[in-house]
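# build the 3D model from these lines:
(4 chains)
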There are 2 protein chains.
Amino acid sequence: MVARQAVDGRRAETLEKLLEAGAEELRAVGHEALTVRSVAARAGVSPATAYTYVASKNHLFAELFWRYLDSGRPEAAGSGALERLRATTRGMATQLAEAPELSAAVTPALLSSDPDVERLRLRIGAEFLQRFADAIGDDIPAERLDGVLDALVLAFSGALLQAGMGLITYTDLGDRLDSVVAAIVEGHL
Amino acid sequence: MVARQAVDGRRAETLEKLLEAGAEELRAVGHEALTVRSVAARAGVSPATAYTYVASKNHLFAELFWRYLDSGRPEAAGSGALERLRATTRGMATQLAEAPELSAAVTPALLSSDPDVERLRLRIGAEFLQRFADAIGDDIPAERLDGVLDALVLAFSGALLQAGMGLITYTDLGDRLDSVVAAIVEGHL
DNA sequence: TTCTAAGTTGGACACGTGTCCAGTCAGGTG
DNA sequence: CACCTGACTGGACACGTGTCCAACTTAGAA
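Numbering: from 1, shown residues only, chains lettered A, B, ... in the order given. Here you go, the predicted structure:
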């Protein structure tokens, strides 16, 4: 069981094939109907092989999301913290809206106790925090920074959850976060 | 399939038995290991019967959570909005902390697309909103109220999600929310 | 008491998950 | 060239989900 460790040479290609197939399948049938076996089939690989790359359906979703998120790293821009924060949330909201199936898939997936999911979950959480911290720069006094960052991360996670539940559309996320970010940051600058 | 509609007379008792058994089983083995069939067994009822009361495992969790939440309605207290808000989040955080298995179970459960879950999800969301609105009273100007309420609900959902992921313990929720609530409300009173 | 309808049951079903393993295959290495 | 090793495969497995249905039980109405 050394699987899912080394991703060099031949294994790297197969992994790519699988993730690509996963993304396609997700777009095609949604995360409820997606099956590890159907992804394997689409990738032209046997289910047994798929499971040497991906520990579980949830792990697949988390991996896809992480790669997608990572592909959309923002270029810092804007003169004030509020402006930069909004650009940040806007950017992520847009990304989510552009891949609604993936977004819908990842929320429940990240709640899995699968160790492979756990790793990604931490990475993703750290990434969110980092982006907010970068956006704020040093425009907020250090003694208040943690509280504000906390609030931002929680609000963003909450937005993800609510969108995952269908209470907000992924399209509305942008506007919603705009006003929430303003409400949070107000009075701390 | 008129099931799960009428809950009068005999059916009411069986439902109670099932939910009680569900709560016990949850405490005993956690939500991962819990099985609809094991709950049915504990309730002294056949699996087929259980499924006439409960559409799915997720529905069971949602129902249990809703009842638990509902059982802990707060008595309004405190002179200022911030104080009352904190009392509100404290109260809920305490409830969550006192039933960690249930809390851990409900987060993924509420993401289900099961129609029975959907109903409860809306009710629970509305309940959160209501509690925050009550706590604020009219201490925040109307034109800012929506933004603040939004931020509060999102932050709270986010906290739920993060706790569900194990990034925060349910015990820490209280303190965490305290400072977040302060950060959000600051400058709006 | 007999009839009726609601409630319950056992058992089978189709399906998805994730695991396991003996066996095949391909591509270097010696 | 024969050989080895890592990748892949087919097919079975145990288990959980949620559905279905014909048959039983039971309580109360006629």
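# before we move on, what SS does the spatially most central residue of chain A have?
Residue closest to the average C-alpha location in chain A (Cα atoms, centre = their mean): A:Phe65, at 4.7 Å. Under DSSP: H, G, I helix; E, B strand; the rest coil, A:Phe65 falls in the helix class.
# residues contacting it?
A:Phe65 is in contact with A:Leu102, A:Ser103, A:Ala105, A:Val106, A:Ala109, A:Leu110, A:Leu120, A:Ile124, counting by Cβ atoms under 8 Å, 6 or more residues apart in numbering or on different chains. For glycine as for every other residue, the C-beta is placed from the backbone atoms N, C-alpha and C.
# contacts only, for the spatially closest residue to A:Gly137 that is not a sequence neighbour.
In this structure, A:Gly137 finds its nearest non-sequential neighbour in A:Ala81, 6.2 Å apart by Cβ to Cβ, 6 or more residues apart in numbering or on different chains. A:Ala81 makes contact with A:Ala135, A:Ile136, A:Gly137, A:Asp139, A:Ile140, A:Val185, A:Leu189 under the criterion Cβ under 8 Å, 6+ apart.
# how many other residues sit next to the residue in chain A that chain B sits nearest to?
Across chain A, no residue is closer to chain B than A:Gly187, which sits at 2.5 Å (Cβ to the nearest Cβ). As a burial measure, A:Gly187 scores 15 neighbours (other Cβ atoms under 10 Å in any protein chain shown).
# how about A:Gln130?
10.
# again with A:Phe156
26.
# now it: how far from B:Gly147?
16 Å (Cβ to Cβ, to the nearest Å).
# so where is chain A shaky, pLDDT-wise?
Across chain A, the ranges flagged by pLDDT under 70 are A:1-8.
# quickly list the domain ranges of it.
Listed domain ranges for chain A are A:9-54, A:75-185 (source: automatic domain parsing).
# now check the shortest one, is it near chain B?
Yes - counting by Cβ under 8 Å from any Cβ of the partner chain, chain B is contacted by domain A:9-54 at A:Glu32.
# ends of that domain, what's the gap?
Domain A:9-54 has an end-to-end distance of 17 Å (criterion: Cα to Cα, to the nearest Å).
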